[in-house]
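Enquirer: output the structure for:
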Amino acid sequence: MFAKLASGPEIFTIDPARIGGEIIRQAAAILRSGGVVIYPTETFYALGAVPWNEKAVERIFEIKNRDAGKALPLIASELKAAVSSASQWPRPAGTLARLFWPGPLSLIVPASSSLPSALHAGTGKVAVRVSSHPVASLLAKACGGLIVSTSANVSGGPAVQSPDSLDSALLASVQAVVDGGNLPGGFPSTIVDVTVYPVALVREGKIDFEKISRALGVSPERFAPR
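Expert: Numbers count the residues shown, from 1 in each chain. Below you'll find the model as predicted:
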């Protein structure tokens, strides 16, 4: 397991409009070494790890005090990387990805066998999205295309828009923070399960489910609830 820094996490301050490659390289090196990093997304700050590192994945569950039965979502650097997280790519996933990515829409797809079962809590499914935030996208790219992306809070706590609001215990448990300033917050990403027919709304967020139903040409009343 990656050693915790006695002096607290390393802080990388970054301007999302002018991203320095060195900061991305340093943060990605920590992640690839098995560390856990807090980083900005298009909605809130997230806890990240390399998804293929089972110990790092387990560490995120510990840090968040997250129920082991709740899967961790992913951010992909691009569509190709998102597809690599899946054992198959359902047709609705292709339609929704084309229309709403990059952006705050997570698609639940059949998980690739390359991902540890702890990541998807043994469900065989994983939620993935291509983020519109450049830091999240570049970190994922530097880590092989995929990065864990779960809200940077203790389970049950509020999502965090500003680094100043991060929980002190959480900060003491991670190796680094990429400080991208204040984030938009608001609603989280919308989550849609495309492994079932009709697709199921798991969580409505930034993208209205009505827009998703129109994109797929199906009445909202036909969608399976979750």
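Enquirer: only C-alpha atoms for contact and neighbour calcs from this point on.
Expert: Fine.
Enquirer: what sits against the residue positioned nearest the centre of the chain?
Expert: Residue closest to the mean C-alpha point of the chain, counted by CA atoms, centre = their mean, is Ser149 at 2.4 Å. Going by CA atoms under 8 Å, 6 or more residues apart in numbering, Ser149 touches Ala46, Leu47, Gly48, Ala49, Leu72, Pro73, Leu74, Ile75.
Enquirer: can you convert these into CSV and add a column each for pLDDT?
Expert: Compiled in CSV, the contacts of Ser149 are given as follows (pLDDT from 0 to 100):
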residue, pLDDT
Ala46, 98
Leu47, 98
Gly48, 97
Ala49, 98
Leu72, 98
Pro73, 98
Leu74, 98
Ile75, 98
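Enquirer: make CSV from those and add distance to Ser173 and neighbour count to it.
Expert: What follows is the contacts of Ser149, written out as CSV (distance: CA to CA, whole Å; neighbours: other CA atoms under 10 Å):
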residue, distance to Ser173, neighbour count
Ala46, 14, 23
Leu47, 11, 22
Gly48, 12, 32
Ala49, 13, 32
Leu72, 18, 22
Pro73, 20, 23
Leu74, 20, 28
Ile75, 21, 27
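Enquirer: roughly how far out does stretch 190-198 sit from the chain middle?
Expert: Chain-centre distance of stretch 190-198: 17 Å, with CA atoms, centre = their mean, to the nearest Å.
Enquirer: so where's this protein uncertain?
Expert: 1-7, 220-226 (pLDDT under 70).
Enquirer: now Glu10: closest residue in space, sequence neighbours ignored.
Expert: Leaving aside its sequence neighbours, Glu10 sits nearest to Ala176 (CA to CA, 6 or more residues apart in numbering; 4.4 Å).
Enquirer: count the residues that sit near the one you found.
Expert: 25 (other CA atoms under 10 Å).
Enquirer: surely it and Leu31 touch.
Expert: No: in this structure, Ala176 is not within contact of Leu31 by CA atoms under 8 Å, at 9.1 Å.
Enquirer: shared neighbours of those two, which are they?
Expert: Contacts common to Ala176 and Leu31, judged by CA under 8 Å, 6+ apart, are Val37.
Enquirer: and the closest residue to Glu42 other than its chain neighbours, how far from Ala215?
Expert: Leaving aside its sequence neighbours, Glu42 sits nearest to His133 (CA to CA, 6+ apart; 5.0 Å). Distance, His133 to Ala215, using CA to CA, to the nearest Å: 23 Å.
Enquirer: what's the answer for Ser114, then?
Expert: Taking CA to CA, one finds Ser114 at 31 Å from Ala215.
Enquirer: now swap in Gly180 and tell me
Expert: Counting by CA to CA - Gly180 and Ala215 are separated by 32 Å.
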